[in-house]
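[1] Sequence plus the predicted model coming up.
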2 protein chains.
Amino acid sequence: MPRPAASRGSATGRVLDLLRSRGTLSRVELAERTGLTAATITNTMRPLLDAGLVREAGVDRQHDRGQPRRLLRLDPEAWYAVGIQVDRTTTTIVVLDFAGGRVASAALPGTAGRGPHATVRTLAEHTTALLDRSLVPRGRVLGTGLVTHGPQDLERGMLLTAQPGPDWLEYPLADALAGDLGLPVLLENDASAAAFGELWAGSPPTDTFGLVYMASGIGGGVVVDGEVYRGRASNAVEIGHVSLNGGRTPCVCGGSGCTQAEAGPEAVVARALEDRALAERLGVAGTPDRTLADFHRIARAWRTGDTAAAGLLEASAAWIGQAAVTLVNLFDLDTVILAGPAFTVAGPVYRDRIAAELERHALGRSLSRPRVLVSSNAGTAAAIGAALHVLRTLPVEAPPALPATTESTLTLQGEP
Amino acid sequence: MPRPAASRGSATGRVLDLLRSRGTLSRVELAERTGLTAATITNTMRPLLDAGLVREAGVDRQHDRGQPRRLLRLDPEAWYAVGIQVDRTTTTIVVLDFAGGRVASAALPGTAGRGPHATVRTLAEHTTALLDRSLVPRGRVLGTGLVTHGPQDLERGMLLTAQPGPDWLEYPLADALAGDLGLPVLLENDASAAAFGELWAGSPPTDTFGLVYMASGIGGGVVVDGEVYRGRASNAVEIGHVSLNGGRTPCVCGGSGCTQAEAGPEAVVARALEDRALAERLGVAGTPDRTLADFHRIARAWRTGDTAAAGLLEASAAWIGQAAVTLVNLFDLDTVILAGPAFTVAGPVYRDRIAAELERHALGRSLSRPRVLVSSNAGTAAAIGAALHVLRTLPVEAPPALPATTESTLTLQGEP
DNA sequence: CAGCTTAAATTTATCAGGTTAATAATTGGC
DNA sequence: GCCAATTATTAACCTGATAAATTTAAGCTG
């Protein structure tokens, strides 16, 4: 099994990672950040420059003497990758260029009650349309990262749970989508992908952190020393099913008092619906498969100062805070990042409440003060992470020449 | 910073590990197990044979044709290491030879109410006595692994908690012991050391497992792909302070419902003491700093069929089972090993009850059936792990020649 | 028992991926 | 226009592995 050229250990993989996350760097900076010598950087960059994956982009005139540093950047048009996050109530598709820039994105409804076959077909149609609309040459799309909740069998590209319905269990999601799209598809866990996205596309203050992902359900991810923790079979950090002290609500997993059952968007909406007048005031409809829309209504009410809405969110955040304490204590962390569509509006309430819980209960708090941050790309972090995963793991060669028509168009644009 | 010769990645480190855990292997088997070529094994072994760390030990006549495989083993007398596990209520000291064999061991009372200074002095005295008694040449002792509960600062070799008393916080344990013993001292977490000991000296069915360590307190360790999970600062897997659903007992950590407070030996003994008649029948004295002795009395009563004792242990095991479910779900594991002095007698009750909890609640149970095992060295696993850690991490050179007197004695013994 | 087969162990040449040290290139300042 | 400073490249080499050929040590066979 030959390793992909850009695997993490190699010099090539490391400089590509750095250029993708920092944008533009000189050889000297690359040498400093990787710990490699300047000679190695020269030798590593040459084939990348020859292949057209990396380009020189001006010089750095910060330093006043000597030869100026020549800046390097990834050629964004060398390759593209697609990331798809799909869930019962939301779907996000993003297209990234080789430099990690967002070329296009789409937000769609979730799987609702539909089966995997229909869902995959719809995803393929939307993805094809998005690629066409954004004028991305099909031959330069490296692959697609598909992101769902766990537990999953990543090798076989299927879910190992009957959620959202029994027909999803062991349905060959990755293969089906790969067939419809004509592209390789990598399946990934949503929370791990979001952690991955934060690591390489966000600006986390450290390369060791935990992540709480909330969409329709709640998941977790952990990154230690820049490496995603995967465990035995990549189904790690199922924080949504930690049984919380004081919890009683029964959960789909068969247990009770799970984080997801107590604190997930569904639980928050259900609690709002218990009070008819409140639900009406907040505009909470209770439509099945529209849970996140209702959740966002509650979050927006909180933003305009509604104390009842604040109470609902605070209660949920307190539960997640307890789960975060367990996460931080077991994995020895000091930083927790919040990502997922549920945090796009309500992020700050959760951040503050979770931070307070950690401040009180995290064991390592004397060593370093716990931090909680809302991802700057909360809604798209998982899809971005999935696309980045494709860019990082699939073997990268010189991009294929484009068909003549497109070539000439580009050439014309390039000539003043 | 030069890497120690036996670090895990290198061929040298890997063959030493294999020889230590398997005892005796041919070059062909070493090549197969490491994935290295026969040529590399030859080249790796030569300096080890020259240095006297490895010796040829007969041939393997299993195969009937061709040149027989020559067997290799570590020379047990090349080096030695000490492992010390210390706790409020128990102390264990072991001396291992270079092959990982147990040369000597001692079980002593714990720190009780004494301060770190007096404790370190006592440990040094006992260790010196043990080394003298077992005729281990002092010049061949590589170092000492000191094992305590966390949180710790491994670099500085000190505790970051005021347990068991305020004078322990940031007392330079490792340096003090190193001074008294005249040997390098490595500080380690008890549960991680036990996990390490199980991995290399036990016979775990897999190289990915979680470990619950119970002595005076409760700790956790995780090994993934043969590597101990360390987290940000090696204070990972504090399973003793996971807040459990239904728990109310206040804990020394400031929280309530923690595994340790609900299920630790102290809690079990306290519950026994609540019933005067029961305590008397079981012989539970309630003497402070003798908690484990009382706990063992309850465990022995269970073994002779006492249902009240069984009830006490079952209740504790149920709590730990809940913590184990969280451990297994967050770290994505299917195997849990029980180690620590508290499991020497009571192990089986805990094993069965924890297995039942995992069977019901572990998320990955459909993927692979969860297993729970009691360590075959429950009482000494941590001390053994600490000594192995020393053997594995400190740089290993050719052992120094012994003083003439000892040499001649040995020579005399060798002559018939 | 010489010669053949089999398998283990070793030697030799080579490679991959990095290093160090020397050299070339490019600029600002005097 | 030359020098000092700094970046980038080249060349020699080092480390830790591999593949292929060779040597060694058996058992089998006629």
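    Perfect, thanks for sending it.
[2] Just the C-alpha atoms of stretch A:253-268, please, in PDB.
    What follows is stretch A:253-268, C-alpha atoms only, in PDB (Å, rounded to 0.1, in the frame of the first residue of the first chain):
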ATOM      1  CA  CYS A 253     -29.300   5.000  21.800                       C
ATOM      2  CA  GLY A 254     -31.200   3.000  24.400                       C
ATOM      3  CA  GLY A 255     -29.600   4.800  27.400                       C
ATOM      4  CA  SER A 256     -31.000   7.800  29.300                       C
ATOM      5  CA  GLY A 257     -29.600  11.100  30.400                       C
ATOM      6  CA  CYS A 258     -27.400  11.300  27.300                       C
ATOM      7  CA  THR A 259     -26.100  14.800  26.300                       C
ATOM      8  CA  GLN A 260     -27.900  14.600  23.000                       C
ATOM      9  CA  ALA A 261     -31.200  13.700  24.600                       C
ATOM     10  CA  GLU A 262     -31.000  16.300  27.300                       C
ATOM     11  CA  ALA A 263     -29.400  19.200  25.400                       C
ATOM     12  CA  GLY A 264     -29.700  18.700  21.600                       C
ATOM     13  CA  PRO A 265     -31.700  21.000  19.400                       C
ATOM     14  CA  GLU A 266     -34.600  18.600  19.500                       C
ATOM     15  CA  ALA A 267     -34.700  18.700  23.300                       C
ATOM     16  CA  VAL A 268     -34.600  22.500  23.300                       C
END
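[3] is chain B contacted by that stretch?
    Yes - legend: contact between stretch A:253-268 and chain B by C-beta under 8 Å from any C-beta of the partner chain is shown at A:253-257. The way it works is simple: take the backbone N, C-alpha and C, and place the C-beta from them, glycine included.
[4] Among these, which pair sits farthest apart?
    Considering C-beta to C-beta, no two members of the residues of stretch A:253-268 next to chain B lie farther apart than A:G254 and A:G257, which are separated by 11.9 Å.
[5] and these two? which has more neighbours close in?
    A:G257 (21 against 11; other C-beta atoms under 10 Å in any protein chain shown).
[6] mind checking pLDDT for that one?
    According to the prediction, A:G257 has pLDDT 96.
[7] now it: how far from A:A162?
    A:G257 sits 21 Å away from A:A162 when distances are taken as C-beta to C-beta, to the nearest Å.
[8] And for A:R369?
    42 Å.
[9] Ok, A:F209 next?
    According to C-beta to C-beta, A:F209 and A:A162 sit 31 Å apart.
[10] Give me the more crowded residue out of these two.
    When A:F209 and A:A162 are compared for neighbours, A:F209 comes out ahead with 24 against 12, by other C-beta under 10 Å.
[11] in terms of contact, does that one touch A:V336 like I think?
    Yes - distance between A:F209 and A:V336: 6.7 Å, which falls inside the contact criterion (C-beta atoms under 8 Å).
[12] Next, the residue in the stretch 151-300 of chain A that DNA strand D sits nearest to: phi, psi?
    Taking C-beta to the nearest atom of the strand, DNA strand D has its nearest neighbour within the stretch 151-300 of chain A at A:E227, 21.2 Å off. Summarising the backbone geometry of A:E227 under the convention degrees, to the nearest 10, its torsions are phi -120, psi 130.
[13] Ok, A:R369 next?
    In this entry, A:R369 is assigned phi and psi values of phi -70, psi 130 (degrees, to the nearest 10).
[14] What about it, how many residues nearby?
    12.
[15] ok, now the one 4 residues further on?
    Applying the criterion other C-beta under 10 Å, we find 20 residues in the vicinity of A:L373.
[16] that's a strand at it, yeah?
    Yes - when DSSP: H, G, I helix; E, B strand; the rest coil is applied, A:L373 is found to be in a strand.
[17] Wait, it touches A:F343, no?
    No - with contact taken as C-beta under 8 Å, A:L373 and A:F343 are classed as non-touching, separated by 10.5 Å.
[18] Tell me, how many residues neighbour A:T307?
    Other residues within reach of A:T307 by the criterion other C-beta under 10 Å amount to 10.
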